[in-house]
Every structure is written in C-alpha cells, then in structure tokens.
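Participant: Fold the following for me, if possible:
(chains A and B)
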2 protein chains.
Amino acid sequence: MDNFQFSNPTKIYFGTNSQHTLIENIDKSFKNIFLVSGKSSARKSGLLESIQNELISFGHTVFVFEGVSANPLLSHTNEGIKLCREFKIDAIVAIGGGSVLDEAKAIAAGVCYEGDVWDFFTKKALIKKALPLYTILTLAATGSEMNGNSVVTNDDTLQKYNTNSALIYPLASALNPMLTLGVPNDYLVYSAVDAISHVIEGYFTKQKPNSFVDRLCESVILTIIESTEMILKDPVNYEARGQFMWASCLALNGLMQTGISGFSFPNHIIELPLSAKFNVAHGAGLSVVIPAWMKWYENQNKAQFERFAKSIFDLNTSNEGIDALEAWFKKIGAPVRLGELGICEKDIEELSTMGTDLARLRGGLEKVYTPCVIENILKMAL
Amino acid sequence: MDNFQFSNPTKIYFGTNSQHTLIENIDKSFKNIFLVSGKSSARKSGLLESIQNELISFGHTVFVFEGVSANPLLSHTNEGIKLCREFKIDAIVAIGGGSVLDEAKAIAAGVCYEGDVWDFFTKKALIKKALPLYTILTLAATGSEMNGNSVVTNDDTLQKYNTNSALIYPLASALNPMLTLGVPNDYLVYSAVDAISHVIEGYFTKQKPNSFVDRLCESVILTIIESTEMILKDPVNYEARGQFMWASCLALNGLMQTGISGFSFPNHIIELPLSAKFNVAHGAGLSVVIPAWMKWYENQNKAQFERFAKSIFDLNTSNEGIDALEAWFKKIGAPVRLGELGICEKDIEELSTMGTDLARLRGGLEKVYTPCVIENILKMAL
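Facilitator: Residues are numbered from 1 along each chain as shown, chains lettered A, B, ... in the order given. Here you go, the predicted model:
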C-alpha cells in the first residue's frame, strides 16, 4: 500500500429535486452567474430555462452560454472566458454531462489567468485560481462532478489534453437520476464503458497489490454492469439510474486511486486521439481500445487479470475475463472494432504518433507507449 | 436509493511519515496549539514528545493535555475546555485513537460555547463553531479521524452519548500504519469488531435495497477480516495495518451510509451502556451484542442476512452467516458472552433501561428498543 493524500471538498446533493437544493445553497454574494450548457438537450427538455428562472428568483443575474460540444473545444472555451470577463461573472453553474462540466472548469480557471488557458493543458502553467463552480449533472459517466479533472480539445491542433487541479473541484454538484432519464441508450452504453475504464486503469497498472481498493473498484464495475443492463431493459428505472450515477461518480473521485502508485491511464492515452480526430464518443473509443490493450498487457499482471475474471465474471482464467468483458461490451451495443468507429488501418500510424505524444505529456510514458506499441495494440482492434 | 447529501472536507495524509506532512501543513497562524493525548502510550513511545518538538520547530507554542481515558469522560473534557480558554488556544492537535479524537472534538466545540458542552450530547444545543482540529491516529477503529462524530461519557450519570456536527470534522488527519504497530492484539480485535459494526448497522437496518453501497460495505468487512487475521499472525505487517487503517476509516466517513435511509444504530444503542457502566472496551461490548442482535433481527430482513452469509462467508443461509460471524469473533479472541465482560443476568435490567434511554435520544427508537426487547437480546448473549 503506497503513501497517498486524499481530499475531496465537493458537496454532493443526490436524488430527486437535488438541483433545487443546490441552487438554494449557492452563495448569494455570487451576483453574476454564468450558466454553461451543451448544444441542445437541456434547452429542449426545458431544464435550462427552469434553472435559469430559479437562479433569477434567488436574486442572481444569469448569463446563458450554450453550445458546448461532446468533445469540448478550446475555441468555445476561450469564447466563454471572454464573456465571463465582459460580464464580471462571480460563479459558474454548469448543466450537462462531463463535456459541459470539463469546459466549465476550463473557463473557471481561464478567467483568472492572464495567459492562454491552453497552457494548463500543455502543462506550461499551473492553475492558481478559479471561479467558484457548481454543477447539475444530466449524464453520468466521467466523474467530473466530483473531481478536479478537465479534458478539452484544441480545435487547431486536434490535441485532446487534460488538466487537473484542486482549485477546479465543483463547490457542489447536484446528482438527480431523474435528469438522466433522457440519455439515449448509445450514450448510456458509452458512459458505462467510460466509468469502467476509470477504475480498471489503476486496477491493472498499479505497481503493488491493494486488496481493499481492488474490492472497491470491483464494487464499481459490478454495479455499472448490473445497472446498465437494468436501464437498457427499463429506461425509466430510477433505482438503476441512481446506482449508475453514484458508482460512476465514485469511479473517478480519487477514492479508487488511493494507496496505489505507479499506475497510468494507457487506455485513455490510446483513445483520446481517436475521439479527437474522428469525433467519436470517448466511451465508444474506449470500448474498442480496452479489450485490445488488455490482451497486450495481460501477461504483465496475470494474477490481477485472473482476479478480475473471477470477481467480475466468476471465470477462472485471465483470458476468459478479457473475452467476457469484450462480449459484454458487444452485448450492450458498444463498438469493439475500429471499423465500427469509421477508423481504417491506414489511420493507425497517425493515431499512434498522437498517442505517444500524449503519453509523453502524461508522466513520461512515451518509452512504454511508443508509436510501434500503440500500433500493435490498435491493430488488435481492427 | 434514497436522497442524500454527502460532504467530507477532511484531508487525509496516509502512509509512512504522514504525521510530519500533517504538521508541516498546519496553518502557521495557529500560534497556540493544544496537544491532546491519552493516558500513557503516546508518552511512552516517544511519539508525543516528538510531535511536540516538531510543532515547536514550526513556531507553534504547545500546551500538552494528557490523560484521555478509553471511554472519554465529560469531567476531563471540561478540564480541557477550561485550559484552552486560559491559554487562548488557536487549534487542537489530537494524537491517539478514537477516544482521544472524540474528546478533542468535544473540547474544540466546547471552547466556542458558553453553556455546558454536555448540551451537545443531550441535543439541547447545536454546535455552531469549533476550534480547528488536526488528528494523528495511533489506533484505527472508530473512523473519528474522518467524520464529525464524538462520543463522551458523563461520569456523573454514566450516560455515554454522542454528538455529530459538520463543524468538528478534522481539517486534516495523518494515518500512518507504522504508528499502530504498538496496538496490542486485544485492542486490535476490538477495533476490528468496531469497524465491522459501523457498516453492518446500515447494511441490515436500511429501509430500501442499495446494491452498490452493499458492495462497498462488504469490501470493508472482507478487508477488515482479512487484514485482522494477517496482523494477528504477523503484527509488524505494514501492508495489513494499512489496509485495516484505510478500511476502518472509510467504514464511518459517511460513504457507507449514502443513499440509504431509515437505518439505525441498534448495536451501538445496546452496547454503549455496557461500556459506560462496566468500562469495557466498546469493541468488546459490540462483539457480545452483535451476534445476539442479529439473531433477534434476522427475520426482519432475511434476504439481506442471506446476502451477508454469501458475500462474506460464502455460506447459503442467514443463520449460517450469523454463526460464522460469531465464530470469527471467537476465533480472533473477541468476547461473545456477557460473562466474559463480567456482566451477569442481574445487570441486564438496568442496562436495558439505559439502552432505551439512548434509543429515545437517537431518533425516537424507544418504541422498537423497549427495555423488554433489549432484555431479550442481551439474554441471548448470556
């Protein structure tokens, strides 16, 4: 068990009507609120307008900023930063899924920084200050509602990079499973893969065993599998939506990474170029990458793959466990081959180079994840 | 899944040397530090003196306050409050196990309150303010290092009551498994029972199913069982001490109680009079009460007892699960009969009345846990 520090200051309001409780509890001294939202769903469902009206009823002045895309773009982030400065924004409220929350975090930090916000993503600068942020979640997947991560794509260079800071944790997040009822099945499935990916990265790549954290991770995976199947059968199952929402939140709030060291995020490193270049959903990219990466990595941590097979699928060999996960992805309708994403063999070379660039940026992993290694992994997904 | 709010602001420094990191990070503006400790072990091991010197080296003025007993007393708490006022204390550092931490919390709140600190325990007053608190844990069991609970015994009335407030969460806690190497086997065993008790109260008494939280609770129980056995075989096993320490912390930091409602703490209600009146260790009292309570409660939540039997002991019936837990308590050397605590049949009547008083105070459970019901439960432990 390795040394660690853990701290997570985000307050969670969970359950029916929790968005109202969140709004009631927003500091009244935050006069000007920047309300960030996606391209259309919160507008269409009426949620955006109702939140806007509720904020106004509590005396806030609200500036609505819509149009965050599924892979949030640097250009749109910069637009948000400019508007926040212009309107002297005091706090941000984000309504949406991980993408909206991630862009809102980048805006929150960017407003308080004189340089280019992209510096935080290329590690040229550290976040020193950020606007206060509240979030109302409408798609559970990324855990962004309870962590300090943000992933943004530079639309000039197609680099999809992340930043992380204790200063961009939301002050509070509302997790109301009812607000996820509108999530279509394909996005639910991608979200399931994403949440699972968040715990298996550390689960397989950590350097020392940690059976307690393994059990916590397995609790997340089993719950995501169980609740996804329940939601696919019965999309209005509140209980299953709730289980999915809380499990995907804890998957990346830091707990599942306590006491483990030397772990990395290879599946994210390999996937991010796919979603940046082909604009596929992050979870769709992951469900193609993960089984391929597992087959490549299996022999480096055989015992842990055997544990995974046993505890998740009640199977005996590491190989069977990987196959069972791939089969489950297929069963729920997630893609497992590059072709399903519209990616061909000829694209692999460029994607591999981009992956290695990202590996360099994320803790010097470029010597492990060389273009040649990533090519081999991606070829297994053809 | 029930609505809930979750927030836990305590920062955890976990691992070797974590007490140094904690001290380094204490706000330098806290000039006068009240260093609270137990009766002798931190003094004997040299830890108290080393922490005192380290605090001084960072420019703090330190007032040492020793002598907290295993069931912390109101009289000693009041003494601490008086001294804190006299020395114009800015912050408290507690070194010890749950008892020391609990008394330190009561002192922290009591200093900022004009009335009698006991008012917080009898629910006559709410904590409105408290001194900042830091803790260095030397015995893992109660989770006090990462929650807002405090249990104190009124030495005049022998009432052992608890209070709870968001304002008495430690700012930061150092969890160094090395500092628990001196915990003798009997206290380790009581601590194991205590940690298990913290998750099974909600696990069995909640009103609606919650499979995710069930899995998290089972992760804690399995880890406590596994690590206790490892420590008993090899007391200097750092890894096992670490697993035990982190699992017992998460057992009562609020996570295992998320999304569940209507749950209660019957085993604590029944046990607290035992440890208050006979001054037995809380965990020792619990290991006697728990199997008896389970036998009494079993039919009210049969499916959950079957789940427990299967997931913890790989057994099929609820009855077998209860027997297996009682057998495990015996195996590790925890008492399972009242006689082992020096309690006779003639004491049961008074203990039952005290239990019902506590049930009244803890959410109006006196109609369920009448003296007659508690008598029946305790008689099963004869």
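Participant: list the contacts for A:Ile107?
Facilitator: The contact partners of A:Ile107, taken as C-beta atoms under 8 Å, 6 or more residues apart in numbering or on different chains, are A:34, A:36, A:77, A:80-81, A:84, A:92, A:117, A:131. Bear in mind the C-beta positions are built from the backbone N, C-alpha and C, glycine included.
Participant: what helix or strand does A:Lys331 sit in?
Facilitator: Secondary structure assigned from DSSP states H and E places A:Lys331 in helix A:318-332.
Participant: follow-up on the earlier one: in ChimeraX, how would I select just the buried ones from the contacts of A:Ile107?
Facilitator: To isolate the buried ones among the contacts of A:Ile107 in ChimeraX, judged by 16 or more other C-beta atoms under 10 Å in any protein chain shown, type:
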select /A:34,36,77,80,81,84,92,117,131
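Participant: so of the contacts of A:Ile107, which ones are in helices?
Facilitator: Of these, the ones assigned to helices by DSSP state H are A:77, A:80-81, A:84.
Participant: Partner strands of the helix or strand encompassing A:Ala174, with direction?
Facilitator: Secondary structure assignment for A:Ala174, by DSSP H and E: strand A:172-175. Paired neighbours of strand A:172-175 in the sheet (DSSP bridges): strand A:4-14 (parallel), strand A:133-137 (parallel).
Participant: so which of these gets nearest B:Val64?
Facilitator: With C-beta to C-beta as the criterion, B:Val64 lies closest to strand A:4-14 of the strands paired with strand A:172-175, at 27.3 Å.
Participant: which element follows the closest one toward the C-terminus?
Facilitator: Downstream of strand A:4-14, the next assigned helix or strand under DSSP H and E is helix A:18-24.
Participant: can I see the domain layout of chain A?
Facilitator: A:11-179, A:183-379 (automatic domain parsing).
Participant: Can you lay out the ones you listed as TSV showing mean pLDDT?
Facilitator: Output for the domains of chain A, formatted as TSV (pLDDT from 0 to 100):
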stretch	mean pLDDT
domain A:11-179	96
domain A:183-379	95
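Participant: just checking, A:Leu216 touches B:Ser219?
Facilitator: Yes. Using C-beta atoms under 8 Å, A:Leu216 is in contact with B:Ser219, at 5.3 Å.
Participant: Would you mark the buried spots in the strand holding A:Ala174?
Facilitator: A:172-175.
Participant: tell me the angle the helix or strand following it makes with helix A:318-332.
Facilitator: Reading on from strand A:172-175 to the C-terminus, the next helix or strand found by DSSP H and E is helix A:185-205. Here the directions of helix A:185-205 and helix A:318-332 differ by 160 degrees (axes from the mean of the first three to the mean of the last three C-alpha atoms, to 10 degrees).
Participant: Downstream of helix A:185-205, the next helix or strand is which one?
Facilitator: Using DSSP H and E, the first helix or strand after helix A:185-205 is helix A:211-233.
Participant: ok so, going back, save the strands paired with strand A:172-175 as a markdown table, and put in distance to B:Lys11 and mean neighbour count too.
Facilitator: A markdown table is the format used below for these (distance: least, C-beta to C-beta, whole Å; neighbours: other C-beta atoms under 10 Å in any protein chain shown):
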| stretch | distance to B:Lys11 | mean neighbour count |
| --- | --- | --- |
| strand A:4-14 | 4 | 20 |
| strand A:133-137 | 20 | 29 |
